[in-house]
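1. Here is a sequence with its predicted model. Questions after.
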Amino acid sequence: MFRELKSSVIQPAILQSFDEQLRSKLLILPEAYKPDSEAYFDSKGLPTVFAVLSARFHLYRRNFNPVSGPIERANALNRCVSIAQDTSKYVSRALHKPAMQDAGKNWTERVALIASNTICLHLWRCILVLCLRSEYDAALMCLHLSKAIGSFRKINVGCGRHIAFVLDRLLDRVRSGRGSIQQLERDEEMIAYVSGDAQSNLEHSWVWTGTDLALPTSQDVIPSAPQQPGGDEPMRDALPYRASYAGPTNGTTDWDEWVKIEHTVGQLMSEHVHRNTQPLSYYPPPHNPVKRVQLATDVLSPPKTAPNPSPTPSSTSRISIANII
């Protein structure tokens with residue numbers, strides 16, 4: 001079974017088996033640790049539940065790979081969104097129903113006790129997939145914790161920069177008429193951005209396919225690329241090399257744009273509501289002028305002029321993604 005886990009695509013039966021094992025770990029914990037519990041939840045328990053949720057997220061995220069069929073990819077996204085929603089519920093319970101021993105501490109003080117790289121990375125992955133699927137309320141709850149962590153952890157700054165970059169790209173697509181769930185599921189560039197650190201693992205990354213990743217010699221000139229938000233946080237599964245860029249905030253922790261990120265999520269929410277409240281439109285099909293066919297809300301307004309997205313990232317895009325990671 002572990003051999004199947006090393007494959008680029010994990011079969012449904014294997015996914016189900018491992019997911020049940022991971023879910024069972026939460027069930028043996030006290031009542032407050034269960035996903036559907038309404039009991040008071042101590043914020044100190046977040047690292048424990050996040051470890052299980054993160055493992056499940058990694059398991060299903062493997063099938064984001066374009067080698068997966070559309071059904072497998074949609075199922076993987078659904079599962080990851082479900083895990084991200086559970087994450088937001090735990091955050092909400094920790095925020096709004098603190099345990100009695102933490103009642104005297106404010107939110108920032110409680111967060112400082114549990115902030116870790118694992119917490120930051122799990123929140124980052126959840127926020128990205130929630131926004132991709134227009135689950136903005138849950139994304140904002142996760143953002144609330146990331147914002148509270150702020151620069152306590154250097155890696156959280158890199159996560160924030162990457163979130164800001166991805167949300168800007170997502171807003172561009174929504175405003176140009178290419179931001180429906182169905183379109184985004186087929187948008188290889190957005191899926192690559194949302195998959196984040198999965199692209200730093202050469203064994204399962206797909207954006208590097210066909211790219212020469214040989215380590216450059218001192219005489220080689222590494223092609224430079226525009227700096228993208230993502231920081232210079234070292235990752236264990238780092239790519240062989242990345243373009244060097246001496247940006248003014250590269251590798252520092254003085255970045256604080258969480259309010260701007262929340263504002264961008266608010267803009268995405270407004271666009272989503274606007275699309276879903278448009279009056280219905282009809283058109284007569286050519287073969288039957290009397291019959292009226294309803295237009296989908298996603299195609300009510302003609303898209304603005306925008307370059308056509310390429311089905312797969314170019315070599316330049318691959319370099320940009322590496323910088324983000």
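-> Ah, there it is.

2. what about residue 108, distance to residue 84?
-> 23 Å (C-beta to C-beta, to the nearest Å). All C-beta atoms are positioned from the backbone trio N, CA, C, and that covers glycine.

3. Residue 109 now?
-> 26 Å.

4. same check, this time on residue 96
-> Using C-beta to C-beta, residue 96 is found at 19 Å from residue 84.

5. How about residue 131?
-> Per C-beta to C-beta, residue 131 is found 10 Å from residue 84.

6. Find residues that contact each of these two.
-> In terms of C-beta atoms under 8 Å, 6 or more residues apart in numbering, residue 131 and residue 84 are both contacted by the residues residue 139.

7. helix, strand or coil for residue 68?
-> Assigned with DSSP: H, G, I helix; E, B strand; the rest coil, residue 68 falls in the coil class.

8. Phi first, then psi, for it.
-> phi -70, psi 150 (degrees, to the nearest 10).

9. That one reaches residue 74, doesn't it?
-> No: counting by C-beta atoms under 8 Å, residue 68 stays clear of residue 74, with 9.3 Å between them.

10. circling back to that earlier point, in terms of neighbours, single out the busier of residue 109 and residue 84.
-> Taking neighbours as other C-beta atoms under 10 Å, residue 109 and residue 84 compare with residue 84 leading, 26 against 12.

11. Now for the more buried one, which secondary structure element holds it?
-> Per DSSP states H and E, residue 84 falls inside helix 70-96.

12. packing partners for that helix?
-> The contact analysis (3 or more C-beta pairs under 8 Å, 6 or more residues apart in numbering; DSSP states H and E) places helix 70-96 against helix 12-27, helix 46-61, helix 117-132, helix 136-149, helix 181-185.

13. please redo it, this time with the cut-off set to 7 Å
-> Here helix 70-96 touches helix 46-61, helix 117-132, helix 136-149, helix 181-185, going by 3 or more C-beta pairs under 7 Å, 6 or more residues apart in numbering; DSSP states H and E.

14. Same list, those helices, but as CSV with mean neighbour count, mean pLDDT and distance to residue 79 please.
-> Listed next are these as CSV, based on neighbours: other C-beta atoms under 10 Å; pLDDT from 0 to 100; distance: least, C-beta to C-beta, whole Å:
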stretch, mean neighbour count, mean pLDDT, distance to residue 79
helix 46-61, 20, 92, 4
helix 117-132, 24, 96, 10
helix 136-149, 22, 96, 15
helix 181-185, 15, 89, 14
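
15. Show me the one of those that comes nearest residue 195.
-> Evaluated with C-beta to C-beta, the helices and strands packed on helix 70-96 place helix 46-61 nearest to residue 195, the distance being 6.6 Å.

16. Not counting that closest one itself, show me its contacts.
-> 15, 18-19, 22, 25-26, 33, 76, 79-80, 83, 86-87, 90, 94, 114, 116, 118-119, 122, 125, 195, 198 (C-beta atoms under 7 Å, 6 or more residues apart in numbering).

17. Can you flag the buried ones in these?
-> 15, 18-19, 26, 33, 76, 79-80, 83, 86-87, 90, 94, 114, 116, 119, 122, 125, 195, 198 (16 or more other C-beta atoms under 10 Å).

18. Now the residue nearest to residue 39 when sequence neighbours are not counted, what are its backbone angles?
-> Leaving aside its sequence neighbours, residue 39 sits nearest to residue 32 (C-beta to C-beta, 6 or more residues apart in numbering; 4.2 Å). When read as degrees, to the nearest 10, the backbone of residue 32 gives phi -60, psi -20.

19. how much space between residue 32 and residue 85?
-> Here residue 32 is placed at a distance of 18 Å from residue 85 (C-beta to C-beta).

20. Over to residue 161?
-> Relative to residue 85, and taking C-beta to C-beta, residue 161 is found at 24 Å.

21. Share the number of residues neighbouring residue 277, please.
-> 8.

22. any idea how far residue 271 is from it?
-> Distance from residue 277 to residue 271, by C-beta to C-beta: 11 Å.

23. go on, residue 180?
-> In this view, residue 180 and residue 271 are 11 Å apart by C-beta to C-beta.

24. ditto for residue 121
-> 28 Å.

25. swap in residue 138?
-> Counting by C-beta to C-beta, the gap from residue 138 to residue 271 is 17 Å.

26. How about residue 81?
-> Taking C-beta to C-beta as the criterion, residue 81 is separated from residue 271 by 19 Å.

27. neighbour-wise, which of the two wins?
-> Counted by other C-beta under 10 Å, residue 81 and residue 271 do not tie: residue 81 has more neighbours, with 19 against 16.

28. Quick check, that one in contact with residue 135.
-> Yes: shown here, residue 81 and residue 135 form a contact pair, counting by C-beta atoms under 7 Å, at 6.1 Å.
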